[in-house]
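**Q** compute the structure for the input listed below.
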Amino acid sequence: MAIAQVTIVPLGTGTTSVGDYVAAVYKVLEQAGEGVKYELTPMSTIIEGELDELLAIVRRMHEVPFENGALRVSTTLTIDDRRDKVGTMEQKMRSVESKLNG
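**A** I've put the predicted structure just below:
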């Protein structure tokens, strides 16, 4: 199980607005299947699942801005792939919350 953070920035679009691109990329996640969890944040998207599947999804996400007219795309990917125990997005948040509460 891996957790990835991905930020995709379309460039050469003629506008500073990216909302339409974000919505189009999000559709890739909606089609990803039950084995993948995801969370859209104001600055990036967090994805959880098997590493090979996450990499394939990020590849598809990267292509979406090109398909929608972007001339250049900058994608930043950070992967947390812990193999000594299962670490989910939810588990990581619970761990921090437990430390904050006491």
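
**Q** so what touches the helix or strand of the chain with the lowest mean pLDDT?
**A** Lowest by mean pLDDT, DSSP states H and E among the helices and strands of the chain is helix 89-100, with a mean of 88. With contacts defined as C-beta atoms under 8 Å, 6 or more residues apart in numbering, helix 89-100 is touched by Ile3, Lys37, Glu39, Ile46, Glu48. All C-beta spots, glycine's among them, are computed from the backbone N, C-alpha and C.

**Q** wait, which of those is closest to Arg82?
**A** Closest approach between the contacts of helix 89-100 and Arg82, by C-beta to C-beta: Ile3, at 8.4 Å.

**Q** Tyr26: neighbour count?
**A** Residues within reach of Tyr26, counting by other C-beta atoms under 10 Å, total 15.

**Q** and it, helix, strand or coil?
**A** What DSSP: H, G, I helix; E, B strand; the rest coil gives for Tyr26 is helix.

**Q** tell me who's in contact with it.
**A** By C-beta under 8 Å, 6+ apart, the neighbours of Tyr26 are Leu40, Thr45.

**Q** for Val64, see how far away it is.
**A** Using C-beta to C-beta, to the nearest Å, Tyr26 is found at 9 Å from Val64.

**Q** what do you get for Thr45?
**A** Distance from Thr45 to Val64, counting by C-beta to C-beta: 12 Å.

**Q** need the residues touching each of those two.
**A** Counting by C-beta under 8 Å, 6+ apart, the shared contacts of Thr45 and Val64 are Val25.
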